[in-house]
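Enquirer: model the structure of this input:
(chains A, B and C)
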Amino acid sequence: MRREIPMAITTITGVIMIVVFFVPMWGHWSDIFLKWFTVIAGFALVLGAGSLLLVNLNKISRKASGWGYNVILILGLFVMAGLGIFQGIKPGTPYDFIFRYIFTPLSATMFSLLAFYIASAAFRAFKAKSPEAALLLITAFVVMIGRVPIGEVMWNWLPWAKALPLTTIIEDWVMGCFNTAGQRAIMLGASIGIISTSLKILLGIERSYLGGGE
Amino acid sequence: MFEKLQNLDRRWIFLFVLLSVIIPLLFPLGLKLHTSPPVEDIYNYIENLPEESVILVSFDYGPSTEIELNPAAKAVVRHAFRKKIKVVTMALWPMGAQMSQNVMKEVAEEFDAEYGRDYVNLGYKAGGSVLLLSLKSGFAQQFPTDVNNVPLSDLPLMNKVKDYNNCALVVSLSAGVPGIREYVLIVNTQFGKTMAGACTAVTAPEMYTFLNSGQLMGLMGGLKGAAEYEKLVGIEGNARKGMDAQSVVHLVIVLFIILSNIIYFVGEYRRKRME
Amino acid sequence: MVNKRKYRFLLTTMIVLAISILCAGKAFAGRNWSEQAFDKQTGITVIGAENKFARVFGISILNKKVLWQVGMPQSRGIDIHIEDEKVYLVSPEDVRFQKTMRAVNIATGETYWANRLKKNKRRTKVYYDDNTLYFATEEKYRDIIKVKLYAFDKETGKTRWTPYWIRGTFKEMLRTETGDFILIVLASQKTEGGKDLKHTVKSIKIDKNTGLEVWERPIEGSFVSFPKENSGVIYFITQKIIDNVQKMTFQAINAEDGSVLSTHEIPEGEKPLGDAIFYQGKPIITMESGKVFYIDGTKTDISEMVLWEKNLDSLPVFGPKIIENLVLVATMKTNYLISIDEIVEWEGLLSQLKEHNTPATSRIWELLDENTRSVIDGITSPEELNENSRLTIIEGLNGIISNKEFYARESFKEVKLANEVNTLLNRFSKLDENKIQRLNRCLMESILVREISQNRYYIHALDASTGKSLWEKPYMVEGTLELPVFIEGDRLIVGSRSKKEEGEGKNKTTKQMFRIVALDPANAREMWKQEQEGKLENPLSIKDQMLYVMLYRKVEENDVVKPAHLLIAINIGDGTERWTYATKTVINTKLYVDEDSVDFGTKAGFATSVGLVDGKNIYKFFAGINNEMDSSIVTVQNLLGFATQDGKYFILTKQGKKVKAFNLKPWFALWKLPIFIGCLLLSSALSWYIYHARKGKKMFIRRIAGLTAIDEAVGRATEMGKPVLYITGLADVDDIQTLASLSIMGHIAQKTAEYDTPIIVPCCRSVVMSTAQEVVKESYLKAGRPDTYRKENIHYLTDDQFGYVAGVDGIMVREKPAANFYLGKFYAESLILAETGHSTGAIQIAGTAEAAQLPFFVAACDYTLIGEELFAASAYLSKDPQQIGSLKGQDIAKAIMLAVIIIGCILLTFDIDWMKLLLSTQ
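Expert: The predicted model follows:
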């Protein structure tokens, strides 16, 4: 029964949603499910916060390596939640201050790592080991240089720059044609994969997401 | 020397990347920027909207990508306010509401735009694509109040803007999921609204598929896209300032790739000779 | 056996359709009805439904029956015209395979004639003549856009003459007094080599009887105000940008022959406000600068052309509007200087200035010039104030308002400054002259003169024939003007809003006030005045000598603040409030004023009727939660009818009793037929192979390197005594990629359980976390090692993208897992994760269907599952024949898709687009 009830819920909800999709007369039914989802997602957030507390408190009590970070995490959690609840989040409040001057730069820092990692990953992996890889490499150069103003400047030195603008090569050919074709192939394949997986879930063939396969 | 290069510590690469960002920011090169059709399309569309039209701008990013997407947001909103177009903002990302708050405040002050009449910030709501679907039956259903808990009925603009139908254009500023893709699949494909997007450079190639199929009317990819828009609107914003740095970084990475290939081929050559 | 198999196959196929939800989302209720056209004689109303439903209904209110329905594309914006028992329907746009215009019988819906204008978009309203209907369209065929003017015979539906056409895009059409049409078209030409288009605007006159061009005149520039025709003259204003300077030109063209009667260049910086109004066939134009001109376009000489000119000295915000010979303009002054008529309480002002005992007032005193100081000192009592001394004081204060040095931190310490002041102060160094004035004005107001609006509004009345002001001086509006301004009978109605402060200190509250004033149009004398607390929600409306005001107000009742939406009826004659009606939600329809009631719909879904005389509620009909009234209300005898958002049509009695409700939504969403067929095809391919696999047919599955490497990765972790790290991606559990990832995780967890290697799963979504805990626990149970399952290893980190990345990177650096799995949906964080993992020396296996992230994973990981491989992994790992069968089905689906793409490409290359139309879902 532990398995059957969730599966029944999946199948029944799925079927109702399909029927409603094709029958406008009963359109309002789907509204109900959409509202439920929002409610459930809200409750799950409490679950997540609970787990976070539990794991970190556990580490602190065990004095596991680097437990100081866990203290900071829990402090952060309570300070931000407290400030947000009691003083609001409007501009000018302490919450807003922390958000703007601590959280924002920290997040941006994490994201900026990408620039460094792209360089190091490219340095390591981007090698012309085969003719195909060499082709890819040249294309990458054209796009990387061409997408920034310096590329535009360099291209305009070439004699055929007028007849063949750089944007035509990048926007129309590389991005619009080759890139799109490749992306679409992967997207179509993935979409069929999604359809097939959904089907398997609705039919109960795929139930490992409920735990452990058969 | 060769061995050293072969096992180059990646921190050297990091150092070079860092320098190539900082130096052009301090000493700009002043490279000329050209605009590309996907950005021009958005500009022209907004330029041709009648006064008093409404655009919906969705802030689907957080502080981490603020640097990349804020310039695009500001450029679009500036353009809108200049054309006396009303702006309604919302967010699919929790931090997006704050992003929108900051951007709108700055631009509104510049144009003396009045909150509630010229622009409204609906704030954030969880749900992603599910939320977008349910907004079809009216914004007020999912956003009974705006970000400051003012009932929508108290905001004159929202008495005019009930749902997607009242918006001439939907712009998603997206850094991931949920973002442009959700908007395209639901707001454009299902409800037939004209969509434009701005996204981080990393996700831009994927968005070109939507651009190509016409599901996106225009696209601002990364800082470059934002810089182009700034140029079209005629402002000297952060994105344009960042273009020089981006140029040099791209060049440096290309040089590194060339270097790594030279090392690779020399290594192969030596290995073959040894054999 | 056969029956059972059939039944199973049918059932699976049906269930499979669920997929459609994933590929196309969910259905939503219909909405957005067009306005109803009601025929009083027959009591039949004609209403167009939502665009997608593509249907127009004929409903008899009296017989409470849906009489007929016809399919019409874009039915929401449809033009409905009823005449002699015939209904003419013209769609705004041609969509797919449907007739775009028809004439039907109002009682039976029987079609007299029907036409389809392929690829046409109607751009004008439909003009009906005695026996002809006209409208202009834009036709797009390939990349060519043509503007067409059609004329159809009302009887037969045949075109009266060959449609007039011209290449270009539609701008405007107007009909002259003689019934001919003037078409304004933007004719564009491609310039050499570039994408730039060269535009020429053409105005063409077309004869209504022959459809032939009478004359054509090219116009340079773009329109600032569109052409208006009056007394045979067409007036308009165009603009051109030359060297970044806007040049506007006023032009007048003879409607008879197209000859230019006059052109006049408008001085730089001047711009017309809105459209012109006409008095005796000649236009009155208001400029944004506040100048009003009355022009005779037939004269060429500028001195003869301008009949009169009037400078209002302020910026127009409304108008002009003309009533008989009275020209009404409302203007605004944004000048921040104080004017003499603004000061209400001279006594207080004088004493404050004389005493100047606070830091702020002494600051003012400090900055006043000698002359003003001596004037103030010289006055001992308020009675001594005269016109001259008043003017001197105002001048002195205005001097301070223009002084950039006014603000000094010390002096304003004790003064509570408005938010606006603080914002302005933050940008103090960047403020221009105007903003400085605004800041100083605000400062001044917070010390001396309170309760003065920053923008002052005036109403001017001019004599249309002479341009002279009819009143002694313009009427100054108290507070902020609310538009529009009405003239009803012999009353000029002006609404305005302002804020009112009450109480002191902590109890201080600000109230929104709404004020209505009735003026005598002859001399601007106030005839009555009404003041109400609240904020205006809908524009004012006037009907039958009654003014309806809809306000929002917070009412305090037993310490509970309740918002109320009020409908207030005011008698225009004497300004008395007839009645007030309160609703809980905002009124979001027009007011429909009947003989004895006012009807409207509210946001919560109530249809409400209020007595016209006493304001008592007649009925309140609830149509459903948030089921707003979405059309106009029609009434016939004792019945009324309207449509609501969720696709219902209600017929009520005037007492609010439901007589009948029709659900007008269709049973099957015909526009989704392509999706339906596609899903049917795909799912039958899938279920066919699943069915065969069930029966035991062996199927081949190719080796996927990334998946065979799983054993190696887990094995290595065991050897090194290090944990395994598993990331399910950034998406929530409603994403199929996450579900696929959870399935794979089940298999990997089983391996780690067997080898007794810890598995760490940090989650980005809490729902994913609890699901992952279940999955891992179950796997450990199945491996027979439930004792080694550690719940705390599967934990939640944060929903924030980069916060999550930071957390996971921390785990990688501290715990140094020997194997990292990244399977699921990833965004920009993919490379940050993979590079950090690489630097710790872990063996890495990634998989995602996010095409943009694949290159990063390929560059930084040892193995990558590309796109659909992620979804195939579960089948591959479980070796379950049914799952492998579904893979085979997937291949067939892909083959079908490929065939469709190839055929579609070929057809479109030859410009055959029926397949595209067939497959489009809009």
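Enquirer: need the helices for chain B, in chain order.
Expert: B:2-6, B:10-26, B:37-47, B:66-82, B:96-111, B:129-134, B:139-142, B:156-160, B:180-183, B:204-212, B:222-233, B:238-274 (DSSP state H).
Enquirer: and of the ones you listed, who's closest to chain C?
Expert: Nearest of these to chain C, taken as CB to the nearest CB: helix B:204-212 at 4.0 Å. For the C-beta atoms, the positions are set from N, CA and C on the backbone; glycine is no exception.
Enquirer: average pLDDT across the closest one?
Expert: Mean pLDDT, helix B:204-212: 84.
Enquirer: go on, stretch C:636-645?
Expert: Average pLDDT, stretch C:636-645: 87.
Enquirer: give the buried residues for that stretch.
Expert: By neighbour count on 16 or more other CB atoms under 10 Å in any protein chain shown, the buried set for stretch C:636-645 is C:V636, C:L639, C:L640, C:G641, C:F642, C:A643, C:T644, C:Q645.
Enquirer: what parts of chain B come near chain C?
Expert: Within chain B, the positions lying close to chain C (CB under 8 Å from any CB of the partner chain) are B:10, B:37, B:62, B:64-65, B:94-95, B:109, B:128-130, B:133, B:136-138, B:140-141, B:151, B:153-154, B:159, B:162, B:165, B:175-177, B:185-186, B:189-190, B:192, B:200, B:202-206.
Enquirer: ChimeraX command for the buried members of these?
Expert: Of the residues of chain B next to chain C, the buried ones can be selected in ChimeraX as follows, counting by 16+ other CB under 10 Å:
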select /B:10,37,62,64,65,95,128,129,130,133,136,137,138,140,141,153,154,159,162,165,175,176,177,185,186,189,190,200,202,203,204,205,206
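Enquirer: check the residues of chain B next to chain C one by one and keep those near chain A.
Expert: Near chain A, by the rule CB under 8 Å from any CB, you find B:R10, B:P37, B:G62, B:S64, B:T65, B:M95, B:V130, B:L133, B:S137, B:V202, B:P205, B:E206 out of these.
Enquirer: got the residues you listed as a markdown table, with distance to C:E288 columns?
Expert: Output for those, formatted as a markdown table (distance: CB to CB, whole Å):
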| residue | distance to C:E288 |
| --- | --- |
| B:R10 | 61 |
| B:P37 | 34 |
| B:G62 | 42 |
| B:S64 | 44 |
| B:T65 | 41 |
| B:M95 | 41 |
| B:V130 | 46 |
| B:L133 | 43 |
| B:S137 | 40 |
| B:V202 | 46 |
| B:P205 | 46 |
| B:E206 | 46 |
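Enquirer: out of these, which comes closest to C:D711?
Expert: Nearest to C:D711 among those: B:R10, at 30.2 Å, using CB to CB.
Enquirer: contact partners for the closest one?
Expert: For B:R10, the contact set (CB atoms under 8 Å, 6 or more residues apart in numbering or on different chains) comprises A:S120, A:F123, A:R124, C:S839.
Enquirer: that older thread, out of the helices of chain B, which is closest to C:K782?
Expert: helix B:129-134 (33.5 Å).
Enquirer: average pLDDT for the closest one?
Expert: 80.
Enquirer: residues in contact with it?
Expert: Outside helix B:129-134, the residues touching it (CB under 8 Å, 6+ apart) are A:31, A:34-35, A:37-38, B:92, B:125, B:127, B:141-142, B:178, B:182-183, B:185-187, B:190, C:25-26, C:28, C:734.
Enquirer: tally of neighbours for residue 74?
Expert: I went with chain A, as the question did not name one. Using other CB atoms under 10 Å in any protein chain shown, A:I74 is surrounded by 16 other residues.
Enquirer: switch to chain B, please.
Expert: 24.
Enquirer: okay, and the beta partners of C:L492?
Expert: C:I487, C:L519 (DSSP bridges).
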